[in-house]
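[1] 3D model of this:
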Amino acid sequence: MPQKIIVAGKIDNYDPSREVVLAVNRAGFMQESIQVKTDSTGSFTTTFESYIPTDAYLVYKANFLILLHLGDSLFVHFDGQYNDRQEILNTIKFGGNVAQTNQYAAKFQQMYFSNELFHDWDKKDRAVRNYDVEQYIQYLDTVQQKSKELYDQFVSENNPNAESRKWAQLILEENHNHQLASYASGHRRANNMQPAWDVPLGFYDKLCNSLPINHSMFIASSALNTFINVFDRYISNKLKYSETDITTVVDKDSIRIFSAIEFVSDPLLLQLMLTMGFDMDFLFKQNINNYERFHDVVNKYIKEPFLREPLQKKYLQTKLMLESPQIYTETILKEAANLSINWLVDEIFQQNKDKVIYVDFWATWCAPCLAEFPNSKEVEHEFKDTDVVFVYLCLESEENQWKATIDKFQLGGQHYHLSYKQSTEIRNLFDVRGVPEYLLIDKSGVIKEKGTHLRPLVVKDKINEILK
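    Presented below is the predicted three-dimensional model:
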C-alpha cells in the first residue's frame, strides 16, 4: 500500500511571482510534477503518496534533489534571493526524519554540480563530435576515474552515511551511462553521417555494470529512470546483431516490448522497463487500445506491487477520461468536421479579430506536445483577460483521445479536432512538417513567427512585445 510523504519548508526572501514545484521521480514511471501551496511569507507544504522511497526535485528558480522515505516528514529551509543552484544549496537546512541524509545529499550536489563532470558541456560535445569509438571509450574511462575521485573526496570531507553514499554513486553512474548512451546519435548528427552508421556490437555492455537492480536503488529514482531509458540502447544493439528470430513481430511497439523480454536478464529491470514503456508510450498518450493489446504481458511480467498497482490505476483513470471526459470550464470545443481548411482558418481569424493568436499544432500521440501543456496552461493564465487567444489544432488523432487529453491537462483556449484529411491539408497550407509546431499571429492577422521552437515559455516575451 502507498504511504504519505510530507514535504514542507520556508523560503526566505520569497518572490510570490515564482511558483514552487515538487517533481517526484517514481521508479518505472514518468516524473510527476506537483504544484506546492506557498503562502505570502514563503512557507510551503505538500503531501503525496508513494509505494517506495524516492528522490524528487524541489524547483524554485533553480532545482535540487531531496531524498524521501515512506511516511517521512521533511522540512526544507533555504534563501530564495539566489537564482543559482549552488548558492541556494549553500544556504539550505533540513529538519525532520531524513534531515541528515538530505544535508549530505546537498553537500554532494554542491560538489557535483560545480564539477566539470556536470557543467563542462563543451568538453562533452567535443568528445562526441571528434572521437571515434575507441577514443570515446577511453574518454569515458577518464570520466569514470574523475567520478571516483569526486566520490572519494565527498566521503573524505563529509563522512556521509551509507544511504547518501549509495545515492551519490548512482548519480555519478547516471552521468557516465547517459554519456555512453548518447554517443552514437550525437556523433552521427555532429558529423552529418548517414543513419546506417552505428557503434559495434558490445559498445553498450558497460551499462550492465550497473546491474543487478535492487530496492536500495529506489532512493535514487532520478538516476534509475535515466538508466531504464538508456538501457534501450543496449537492447537495440543486441537486436541489431542478433540472429534471434522475431520476424513474427510486425510493429514497432511489439518489437520494443518483446526485444526487452528477450535481452533483459535482470528481472527487476525488465519490470521497470516494461512499466516505463507502457506509461510513456501508451497511457500518457491516452492510447489504451495498445495497452489493452499487451494486457497478457503486463500480467505475466509485471509482478511488483509498486509497479503493477499504480500502472493499473493509471489505466483505469485513462479509460474513464476517454469514456467520460470532464471538459475544463474555460475550454471551448469548436466544430471543425464540416469545414474546409480555408473556411476553418478564416473562422479562426474572424472570431479572433484584433487579438494576438497563438496557434498550437499537436497530436495525442506526440509526447513533446503533451509535455508542453503544463507550460501552455501557465501562459494561458498569465495572459488571462488580455487580447491574447490560444488556439489548439489537434491533428491525426482519435476524437475520444483528443477530449481525454484536454480533460487530463485542463487546458483553456479554443480547441479544434481535425480529421486525417483536414490534418493533411492544414499541414500543406502552413508547411507543418512535424509536431509540436506553433504560429504567433499579431492583431493585424500577420504571422509574426512560426516553428517548433516557439514553445509556450519561449513565446511569453514575444507576446508581450506585440501587446506593447
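[2] CA only for contacts and neighbour counts going forward, please
    OK.
[3] Tell me how this structure divides into domains.
    With domains defined by automatic domain parsing, the chain comprises 3-102, 115-241, 331-467.
[4] Please convert these to JSON lines, extending it with mean pLDDT and mean neighbour count.
    As requested, these are arranged in JSON lines below (pLDDT from 0 to 100; neighbours: other CA atoms under 10 Å):
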{"stretch": "domain 3-102", "mean pLDDT": "94", "mean neighbour count": "18"}
{"stretch": "domain 115-241", "mean pLDDT": "95", "mean neighbour count": "16"}
{"stretch": "domain 331-467", "mean pLDDT": "91", "mean neighbour count": "17"}
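[5] could these be laid out in CSV, adding distance to Thr275?
    Converted to CSV, the domains of the chain look like this (distance: least, CA to CA, whole Å):
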stretch, distance to Thr275
domain 3-102, 6
domain 115-241, 10
domain 331-467, 16
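[6] Which one, of these, ends up nearest to Lys313?
    domain 3-102 (12.5 Å; CA to CA).
[7] From the chain's centroid, how far away is the closest one?
    Averaged C-alpha coordinates place domain 3-102 at 18 Å from its chain's average position (CA atoms, centre = their mean, to the nearest Å).
[8] where's Val379 relative to Tyr358, distance?
    11 Å (CA to CA, to the nearest Å).
[9] Bridged to Leu393, which residues?
    Beta-bridge pairing for Leu393 (DSSP bridges): Phe361, Tyr416.
[10] check contacts around it.
    Applying CA atoms under 8 Å, 6 or more residues apart in numbering to Leu393 gives the contacts Val359, Asp360, Phe361, Trp362, His415, Tyr416, His417, Leu418.
[11] now Ser40: how far from Cys394?
    Spatial separation of Ser40 from Cys394 under the definition CA to CA is 39 Å.
[12] Have a look at the protein and report its longest strand.
    The strand spanning the most residues in the chain, taking DSSP state E as the definition, is strand 3-12.
[13] So which residues lie in contact with that strand, not counting its own?
    Counting by CA under 8 Å, 6+ apart, strand 3-12 makes contact with 41-51, 68-81, all of which sit outside it.
[14] Tell me which strands the helix or strand just after that strand pairs with, and in which orientation.
    As assigned by DSSP states H and E, the chain's next helix or strand after strand 3-12 is strand 21-24. Strand 21-24 has its sheet partners listed here by DSSP bridges as strand 32-35 (antiparallel), strand 54-60 (antiparallel).
[15] Please identify which of those strands is closest to Met217.
    Nearest of the strands paired with strand 21-24 (CA to CA): strand 54-60, 8.7 Å.
[16] Which SSE is immediately downstream of the closest one?
    Next in line after strand 54-60, if elements are assigned by DSSP H and E, sits strand 62-68.
[17] And the strands in the stretch 201-350 of the chain, which stretches?
    According to DSSP state E, counting those that start in this stretch, the stretch 201-350 of the chain carries its strands in the segments 331-334.
[18] before we move on, what about the stretch 351-468 of the chain?
    In chain order, the stretch 351-468 of the chain shows strands spanning 356-362, 388-394, 413-417, 437-441, 447-451, with DSSP E, counting those that start in this stretch as the criterion.
[19] can you list the ones you listed in a markdown table and add distance to Leu207?
    Putting these into a markdown table (distance: least, CA to CA, whole Å) gives the following:
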| stretch | distance to Leu207 |
| --- | --- |
| strand 356-362 | 35 |
| strand 388-394 | 39 |
| strand 413-417 | 43 |
| strand 437-441 | 35 |
| strand 447-451 | 37 |
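[20] of those, which approaches Ile332 most closely?
    Distances from Ile332 to each of the strands of the stretch 351-468 of the chain were compared using CA to CA; the shortest belongs to strand 413-417, at 4.8 Å.
[21] contact partners of the closest one?
    330-337, 380, 389-395, 397, 399, 402.
[22] again, 7 Å this time
    330-336, 389-395, 399 (CA atoms under 7 Å, 6 or more residues apart in numbering).
[23] what does stretch 79-99 give?
    Contacts to stretch 79-99, defined as CA under 7 Å, 6+ apart, come from residues 11-14, 61-64, 72-78, 102-103, 106, 110.
[24] can we see that at 8 Å?
    11-15, 60-64, 67-69, 72-78, 100, 102-103, 106-107, 109-110, 113-114.
[25] Now do the end-to-end distance for it.
    End residues of stretch 79-99 are separated by 17 Å (CA to CA).
[26] same thing with stretch 434-452?
    This stretch, stretch 434-452, spans 8 Å end to end (CA to CA).
[27] Begin at 246, not 1, for the rest of this chat.
    Okay, using 246 as the starting number, the last item reads as stretch 679-697.
[28] just how off-centre is that stretch within its chain?
    Computed by CA atoms, centre = their mean, the chain-centroid distance of stretch 679-697 equals 25 Å.
[29] ok, back up a step: save the strands paired with strand 266-269 as a markdown table, and put in distance to Phe529 too.
    Putting the strands paired with strand 266-269 into a markdown table (distance: least, CA to CA, whole Å) gives the following:
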| stretch | distance to Phe529 |
| --- | --- |
| strand 277-280 | 12 |
| strand 299-305 | 20 |
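[30] closest to Lys705 out of those?
    Using CA to CA as the criterion, the shortest distance between Lys705 and those is 19.0 Å, found for strand 299-305.
[31] residue contacts, Ala616?
    Applying CA under 8 Å, 6+ apart, one finds that Ala616 lies in contact with no residue.
[32] Report the separation between Ser427 and Gly696.
    When CA to CA is applied, the distance between Ser427 and Gly696 equals 25 Å.
[33] Compare the domains of the chain and report which one is nearest to Leu552.
    Across these, the minimum distance to Leu552, taken as CA to CA, is reached by domain 248-347, at 7.1 Å.
[34] Hmm, Asn270 is touching Phe293, no?
    No. With the criterion set as CA atoms under 8 Å, Asn270 and Phe293 do not qualify as a contacting pair; they are 12.0 Å apart.
[35] May I ask which two of the contacts of strand 658-662 are separated the most?
    Comparing all pairs in the contacts of strand 658-662 by CA to CA, the longest separation belongs to Val634 and Glu644, at 22.6 Å.
[36] Output the longest strand of the chain as CSV, nothing but the C-alphas.
    What follows is strand 248-257 as a C-alpha-only set of coordinates in CSV (Å, rounded to 0.1, in the frame of the first residue of the first chain):
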residue,chain,number,x,y,z
GLN,A,248,2.2,5.8,2.2
LYS,A,249,2.1,9.5,2.6
ILE,A,250,5.2,11.7,2.4
ILE,A,251,5.1,15.3,3.6
VAL,A,252,7.4,18.0,2.3
ALA,A,253,7.2,21.4,3.9
GLY,A,254,9.6,24.3,4.3
LYS,A,255,10.3,28.0,4.3
ILE,A,256,11.9,30.2,1.6
ASP,A,257,13.5,33.4,2.9
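[37] which helices and strands does the helix or strand hosting Ala413 pack with?
    Assignment of secondary structure by DSSP H and E places Ala413 within helix 407-435. Using 3 or more CA pairs under 8 Å, 6 or more residues apart in numbering; DSSP states H and E, the elements in contact with helix 407-435 are helix 344-358, helix 366-375, helix 378-403, helix 466-485.
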